[in-house]
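> Dropping the sequence and predicted coords here.
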Amino acid sequence: MRIISGQFKGRAIRAPEGRATRPTSDRTREAMFNVLAHADWSPGLADARIMDVFAGSGALGFEALSRGAAFCLFVETDSAARGAIRDNIETFNVFGRTRIHRRSAMDLGPKPAAAGDPFSIVFMDPPYEYDLTTGALRQLAQGGWITRDALVIAETSSDTPAPDTPGWDKLDERLSSSARLTFLRRLP
């Protein structure tokens, strides 16, 4: 698994050992970031504050940092995954532009002041076998983690219908390999 484009293009991303995580494929990641780069409704990544929720290896967050995002908060509960994220932070030397939050996306609670300003873009890649997207969206909004018009990119199994969540507008939906990418904008 490698960074596809930007400052860290071609550099390897360390993934955690075992089966606790399922990294987003390079092909799906490329499709996701192509939409972000070219869609009229996309705010772009330049100087964005982003979250990588259910982060796993952190591949989505590191790809965004490589492409110009200012800061990424990685949300992950698995200790092996957090170890891989720490290794990747060191490899890419992005210490001041990252933070790891050891909390379940299903129980985020209120955003602590130390987390800084709310986040404008969220990558969400929950385990395919559980329906966690709607609950995580609710946690992000209720806890003050995201801006009033935040963009969320949710990756689910291609067999899973796109999330239909009150308070969110579905901007786009793409199928890539075995994944469904749903681009959602929070309604103010």
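Ah, there it is. Residues are numbered from 1 along each chain as shown.
> Distance of the closest residue to residue 95 other than its chain neighbours relative to residue 97?
Closest residue to residue 95 in three dimensions, ignoring its sequence neighbours and counting by C-beta to C-beta, 6 or more residues apart in numbering: residue 89, at 6.3 Å. In short, each C-beta sits where N, CA and C put it, glycine included. When distances are taken as C-beta to C-beta, to the nearest Å, residue 89 and residue 97 turn out to be 9 Å apart.
> more neighbours, these two?
Taking other C-beta atoms under 10 Å, residue 89 and residue 97 do not tie; residue 89 has more neighbours (21 against 14).
> And the contacts of whichever strand or helix holds the more buried one?
Assigned by DSSP states H and E, residue 89 belongs to helix 79-92. Outside of helix 79-92, the residues that reach it under the criterion C-beta atoms under 8 Å, 6 or more residues apart in numbering are 8, 11-18, 20-21, 55-58, 62, 65-66, 74, 76, 95, 98, 100, 102.
> swap the cut-off to 7 Å and go again
Contacts to helix 79-92, defined as C-beta atoms under 7 Å, 6 or more residues apart in numbering, come from residues 8, 13-18, 20-21, 55-58, 62, 74, 76, 95, 98, 100, 102.
> Can you check the pLDDT for residue 180?
The score at residue 180 is 92. That number is its pLDDT.
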